[in-house]
Structures are given as C-alpha cells and as structure tokens.
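1. Need coordinates for the following:
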Amino acid sequence: MEEGLLEALPGIERRTPYLATFANIATLLGLLGTIIGLIAAFTAVANADPAEKANLLSQSISIAMNTTAFGLMAAIPLLLIHSMLQSKTSAIIESLEIAVVKFVNVLEGNADVMAKAAAKAASSTKKVPRTA
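-> Numbers count the residues shown, from 1 in each chain. Okay, the predicted model is just below:
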C-alpha cells in the first residue's frame with residue numbers, strides 16, 4: 001500500500017510548482033520592462049532636444065510603469081491559484097496517507113483475529129485421550 005502511495009504522489013504533485021514559477025517569471029518580466037523603460041527614459045533625455053525631453057521622459061516612464069503593472073497583474077492571480085492548488089494537493093495527499101494507514105491497520109487487525117481463530121480451532125480439534 002505504501003509503495004502504491006509513493007507511486008501515486010508524484011503524479012499528484014507534478015505540475016503544481018509550475019504556477020509559482022510562472023508567477024515569478026511574470027514578476028521578473030515586469031521588472032525587466034521597468035528597467036528597459038527607465039533605460040529608454042534616460043537615453044531619451046540625454047539625446048533629445050530640450051523641448052522634447054519632458055514628452056520622451058514621460059512616455060518612457062509610462063512604459064516602465066505599464067510593464068510593472070502587467071507583470072504584477074499576471075503574478076498575483078498565479079500566486080493565489082498556486083496557493084489554492086497547493087493546499088488542495090496537500091489535502092489529497094493527507095487523505096491518501098490516512099486511508100493507507102487505516103487500511104493497513106484493518107488488515108493487521110484482521111490478521112490477528114484470524115490467527116486467534118485458527119489457534120482456537122486448532123486447540124479445540126485436538127483429540128484428548130480418554131481414560132478408561
């Protein structure tokens with residue numbers, strides 16, 4: 001029973017960590033977009049006419065903030081879903097482990113009962129010599 005449980009557990013837990021990985025990737029992509037947007041902002045300020053600097057700076061900062069927001073909008077729901085799925089997976093694993101332990105206990109209990117019954121039957125079938 002325990003061997004069967006150990007074979008089943010990887011299938012249950014197989015894809016759960018992917019959601020956490022996707023959430024981390026979304027957050028990192030948002031951060032990357034922020035850095036790229038800020039680099040573009042500073043590059044625009046350095047190479048632009050004074051009249052266009054404010055416009056280019058605000059556009060680049062807008063891009064940086066939008067990528068951060070989109071990264072967080074993807075990461076937060078993924079983390080929530082991962083947390084829910086992880087708790088459901090843990091509950092399933094716990095219930096399987098409890099079922100295995102209960103089943104093994106029932107089998108061991110039945111084996112004891114069967115052994116006692118066999119011993120009693122064996123002792124009652126022994127022929128007792130009669131005295132004449």
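
2. Could I get the full set of helices for this structure?
-> Along the chain, the segments classed as helices by DSSP state H run 2-13, 16-47, 50-124.

3. Between helix 16-47 and the longest one, find me the angle.
-> Going by axes from the mean of the first three to the mean of the last three CA atoms, to 10 degrees, helix 50-124 is angled at 170 degrees with respect to helix 16-47.

4. Double-check residue 93 against residue 10; I have them as touching.
-> No: taking contact to mean CB atoms under 8 Å, the distance of 10.9 Å between residue 93 and residue 10 leaves them out of contact. (Each C-beta comes from the backbone N, C-alpha and C, glycine too.)

5. Neighbour count for those two, which is higher?
-> residue 93 (15 against 8; other CB atoms under 10 Å).

6. which residues does the more buried one contact?
-> By CB atoms under 8 Å, 6 or more residues apart in numbering, residue 93 lies in contact with 9, 12, 13.

7. any idea how far residue 9 is from it?
-> Note on residue 93: its distance to residue 9, by CB to CB, to the nearest Å, is 6 Å.

8. what do you get for residue 29?
-> 32 Å.

9. where are the low-confidence patches of the chain?
-> 122, 124-132 (pLDDT under 70).

10. coming back round to it: which of the helices of the chain is buried the deepest?
-> helix 16-47 (a mean of 15; mean count of other CB atoms under 10 Å).

11. Which elements pack onto that helix?
-> When contacts are defined as 3 or more CB pairs under 8 Å, 6 or more residues apart in numbering; DSSP states H and E, helix 16-47 packs onto helix 50-124.

12. quick one, the helix it packs on and helix 2-13 angle?
-> Using the same axes, to 10 degrees: helix 50-124 against helix 2-13 is 160 degrees.

13. and helix 50-124, how far out from the chain's middle?
-> Chain-centre distance of helix 50-124: 4 Å, with CA atoms, centre = their mean, to the nearest Å.
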